[in-house]
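J.: This is a predicted model, with the sequence first.
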Amino acid sequence: MSARVLVVGGAGYIGSHVVHDLVEAGHRVTVLDDLSRGDRGNVPGEARFVQGDMCRRSDLDAVFADDFDLVFHFAALKAAGESMERPHDYAAHNIAGTLTLLRAMQDAGVTRFVFSSSAAVYGSPLYLPIDETHPTNPENYYGYTKLAIEQNLEWFSRLAGLRYVSLRYFNATGYDLRGRVGVREKDATNLCPVVMEVASGLRPSLKVFGGDYDTRDGTCVRDYIHVNDLSAAHVAAMERLLEGEPSLVVNLGNETGSTVLEMVAAASRVLRRDLPYELVERRAGDPAEIVASSALARRVLGFTPRHGDLRTIFESMRRVYGV
């Protein structure tokens, strides 16, 4: 069934991958993006592009002059460390901006919503792997903004007829295996793009935040999931809502953990060169180890990660970074 879809933040890293998959599946796609972090070059020509800011109600009213069956929301500030230094910016954009978007949706009669959430809502795990019943106790302000939005989504589902899927990503990485997305992320802060920026000479070395965690090599352990696997889960989430299924909060991870130094070693093997790094102080709000349980996603979305091995991740990034 073809749907009319608005993708907010659809010129960004994850959003653009989803837009390509939606277009290829035959959906009518409109992208709204302010291009502060996204790039117009990542949006396929078959999608309608509107440059605008979700925090500005006039921009939303203009785009909602069209009818939509569903909205995807990817537009967020997302650097955990930065959120601890600039909480007001994160509150204004992530929380207030999302509430502005949700109000515009309500006024336009759009009741289906797929939200880009984060494993940062959990904080330090009480057990591993982390499932959706794990307590939420974010340790950085970015994670708090995602949790605050999820709490509002639950209320709006009760009070305003909203149906939603909130996808709690673990660590999204890689680039499109078919080369459809070719412009690299702006102002990258996540590990894998920073590693590739070091490899391509855009940075002199990698800073490894903390080498004294209680992990196998002293560096943080994270669950890395390829962006193509994430995108497939978004399409499945949309189909679930279009079929009338109830709201859902679900993890998306690869269910395996790698340390920072293991990731650096994997990139070095793929690139056949040593990558310089330096150990520095821990960042505030960084738990030692985070690994997902994706059992619920397998059961309700048919989610099966297919591209999560580290060689595939870094091979998929080489073309974009020219290394």
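T.: That came through, no problem.
J.: Residue 242 and residue 264, how far apart?
T.: 42 Å (C-beta to C-beta, to the nearest Å). For every residue, glycine as well, the C-beta is placed using N, CA and C.
J.: So for the two, which sits in the more crowded spot?
T.: residue 264 (21 against 16; other C-beta atoms under 10 Å).
J.: which other helices and strands contact the helix or strand hosting that one?
T.: Here residue 264 sits within helix 260-271, counting by DSSP states H and E. For helix 260-271, the packing partners by 3 or more C-beta pairs under 8 Å, 6 or more residues apart in numbering; DSSP states H and E come out as helix 191-199, strand 206-209, helix 310-321.
J.: buried residues in stretch 95-114?
T.: Across stretch 95-114, burial judged by 16 or more other C-beta atoms under 10 Å covers 95, 97-98, 100-102, 104-105, 108, 110-114.
J.: What residues sit buried inside stretch 302-322?
T.: By 16+ other C-beta under 10 Å, the buried positions in stretch 302-322 come out as 303, 305, 307-308, 310, 312-318, 320-321.
J.: which among these gets closest to residue 54?
T.: Nearest to residue 54 among those is residue 320, at 26.0 Å by C-beta to C-beta.
J.: which ones are touching that closest one?
T.: The contact partners of residue 320, taken as C-beta atoms under 8 Å, 6 or more residues apart in numbering, are 175, 181, 182, 183, 184, 196.
J.: Relative to residue 41, which of these is nearest.
T.: Closest approach between those and residue 41, by C-beta to C-beta: residue 183, at 4.6 Å.
J.: so that closest one sits in a helix?
T.: No: under DSSP: H, G, I helix; E, B strand; the rest coil, residue 183 sits outside any helix and is assigned coil.
J.: my guess is it contacts residue 41, does it?
T.: Yes: Residue 183 lies in contact with residue 41 (C-beta atoms under 8 Å); the separation is 4.6 Å.
J.: Comparing those two, which shows the higher neighbour count?
T.: Neighbours were counted for residue 183 and for residue 41 using other C-beta under 10 Å; residue 183 has more, 16 against 10.
J.: What ranges does the protein have for its strands?
T.: Counting by DSSP state E, the chain has these strands, from start to end: 4-8, 28-33, 48-51, 70-73, 112-118, 163-169, 171-173, 206-209, 221-222, 224-226, 248-252, 258-259, 277-280.
J.: if we can go back for a sec, compile the buried residues of stretch 302-322 into a markdown table and extend it with columns for pLDDT.
T.: Output for these, formatted as a markdown table (pLDDT from 0 to 100):
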| residue | pLDDT |
| --- | --- |
| 303 | 96 |
| 305 | 94 |
| 307 | 96 |
| 308 | 89 |
| 310 | 96 |
| 312 | 97 |
| 313 | 97 |
| 314 | 97 |
| 315 | 97 |
| 316 | 97 |
| 317 | 97 |
| 318 | 95 |
| 320 | 94 |
| 321 | 95 |
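J.: which residues does residue 154 contact?
T.: Residue 154 is in contact with residue 247, counting by C-beta under 8 Å, 6+ apart.
J.: do you know how far the spatially closest residue to residue 260 that is not a sequence neighbour is from residue 225?
T.: Distances taken as C-beta to C-beta, 6 or more residues apart in numbering put residue 219 closest to residue 260, at 3.9 Å, once the chain neighbours are dropped. Using C-beta to C-beta, residue 219 is found at 19 Å from residue 225.
J.: same question, residue 144
T.: Counting by C-beta to C-beta, the gap from residue 144 to residue 225 is 22 Å.
J.: okay, those two: which has more neighbours?
T.: residue 225 (28 against 23).
J.: What residues are bridge-paired with that one?
T.: Counting by DSSP bridges, residue 225 is bridged to residue 172.
J.: Could you verify my assumption that it touches residue 256?
T.: No: using C-beta under 8 Å, residue 225 is not in contact with residue 256, being 9.7 Å away.
J.: Could you tell me which residues touch both of those two?
T.: Joint contacts of residue 225 and residue 256 (C-beta under 8 Å, 6+ apart) are residue 308.
J.: Around the residue lying closest to residue 21 once chain neighbours are set aside, count how many other residues there are.
T.: Counting by C-beta to C-beta, 6+ apart, residue 21 lies nearest to residue 231, which is 4.9 Å off, once chain neighbours are set aside. Residues near residue 231, counting by other C-beta under 10 Å, number 22.
J.: now do residue 193
T.: The number of residues packed near residue 193 is 22, by other C-beta under 10 Å.
J.: measure it to residue 214 for me?
T.: Distance of residue 193 to residue 214, given as C-beta to C-beta: 27 Å.
J.: buried subset of the contacts of residue 320?
T.: 175, 181, 183, 184, 196.
J.: Can you tell me how far the first one is from residue 316?
T.: Spelled out, it's residue 175. Separation of residue 175 from residue 316 (C-beta to C-beta) stands at 5 Å.
J.: before we move on, what about the last one?
T.: Here residue 196 is placed at a distance of 10 Å from residue 316 (C-beta to C-beta).
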